[in-house]
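A.B. asks: My questions are about this predicted structure, shown below with the sequence.
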Amino acid sequence: MKKFILAFFTLCLSLVVVNTTEAATPIEENSSIFIENLKKEHPDWVINPVTQEEVSEIRKEMATTNSITGSAPPVTALYIDQVGWDLETTTPQIQYINNELTSAPVRGITGVGVVEIGYGHYFQWLGAEQITYNDPTYLIETSTIDFEGDTIVDGFYHVVYFDSDVKIPSGSSVEYRCQSTSMNYPWNTMNAFINIPHQ
């Protein structure tokens with residue numbers, strides 16, 4: 001009887017493991033597409049994914065004057081680099097954004113990639129809704145950008161993911177907007193936006 005119970009338990013456990021593997025979100029497999037494309041655009045940049053805590057620590061450290069690195073440079077560029085959709089599928093779609101005001105129509109899991117050069121207080125919105133790390137309906141990934149490979153962070157690459165089938169009504173569009181205000185002089189603010197229509 002004990003052997004039967006052990007065999008049954010082992011079978012159940014293996015089924016749980018199989019189901020867990022199948023349930024892994026394909027967005028995780030496709031999330032590197034944005035960084036891979038950015039590296040193709042800028043092969044000399046060193047781009048490293050970091051956690052939210054690491055981003056906060058880097059910004060905090062650079063916000064104060066440091067004899068080695070100096071104070072945090074102001075924000076000099078903020079632009080939307082890519083919009084991707086169908087990211088949960090085996091055929092994700094990516095559009096490079098070159099100052100377009102509207103992206104191609106999206107569907108499914110959608111991502112927006114943003115380049116921020118310099119150090120600022122960074123915020124983003126989808127329509128009237130502010131996007132935060134605490135909101136489970138968004139996934140935010142950030143990478144550091146190092147222009148010269150000297151381990152000094154020159155900027156950040158932000159990618160936010162969301163379910164456009166839920167966030168954008170079919171046949172309509174919503175504006176994605178981001179903003180960064182320099183942490184030091186001249187405390188300038190830069191904005192970028194794009195209208196994202198749903199198929």
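C.D. replies: Looks like it came in fine. Numbers count the residues shown, from 1 in each chain.
A.B. asks: what's whichever strand or helix holds N37 packed up against?
C.D. replies: Element membership for N37, per DSSP states H and E: helix 32-41. Counting contacts by 3 or more CB pairs under 8 Å, 6 or more residues apart in numbering; DSSP states H and E, helix 32-41 is packed against strand 46-50, strand 77-85, strand 93-96, strand 109-117, strand 155-163. Bear in mind the C-beta positions are built from the backbone N, C-alpha and C, glycine included.
A.B. asks: Would you convert the ones you listed into a markdown table that also reports distance to I140, mean neighbour count and mean pLDDT?
C.D. replies: Formatted as a markdown table, the helices and strands packed on helix 32-41 follow (distance: least, CB to CB, whole Å; neighbours: other CB atoms under 10 Å; pLDDT from 0 to 100):
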| stretch | distance to I140 | mean neighbour count | mean pLDDT |
| --- | --- | --- | --- |
| strand 46-50 | 12 | 16 | 95 |
| strand 77-85 | 15 | 20 | 98 |
| strand 93-96 | 18 | 15 | 97 |
| strand 109-117 | 10 | 23 | 97 |
| strand 155-163 | 5 | 22 | 97 |
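A.B. asks: Can you say which of the ones you listed is nearest to Y185?
C.D. replies: strand 109-117 (16.3 Å; CB to CB).
A.B. asks: partners of that closest one in the sheet?
C.D. replies: strand 77-85 (antiparallel), strand 155-163 (antiparallel) (DSSP bridges).
A.B. asks: CA-only coordinates of it, as PDB, when you get a sec.
C.D. replies: Listed next in PDB are the C-alpha coordinates belonging to strand 109-117 (Å, rounded to 0.1, in the frame of the first residue of the first chain):
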ATOM      1  CA  ILE A 109       0.900  40.900 -24.800                       C
ATOM      2  CA  THR A 110       2.400  44.200 -25.900                       C
ATOM      3  CA  GLY A 111       5.700  45.800 -24.900                       C
ATOM      4  CA  VAL A 112       7.100  49.300 -25.300                       C
ATOM      5  CA  GLY A 113      10.900  50.000 -25.200                       C
ATOM      6  CA  VAL A 114      12.200  53.400 -24.100                       C
ATOM      7  CA  VAL A 115      15.800  54.700 -24.100                       C
ATOM      8  CA  GLU A 116      16.600  57.200 -21.300                       C
ATOM      9  CA  ILE A 117      20.100  58.800 -21.500                       C
END
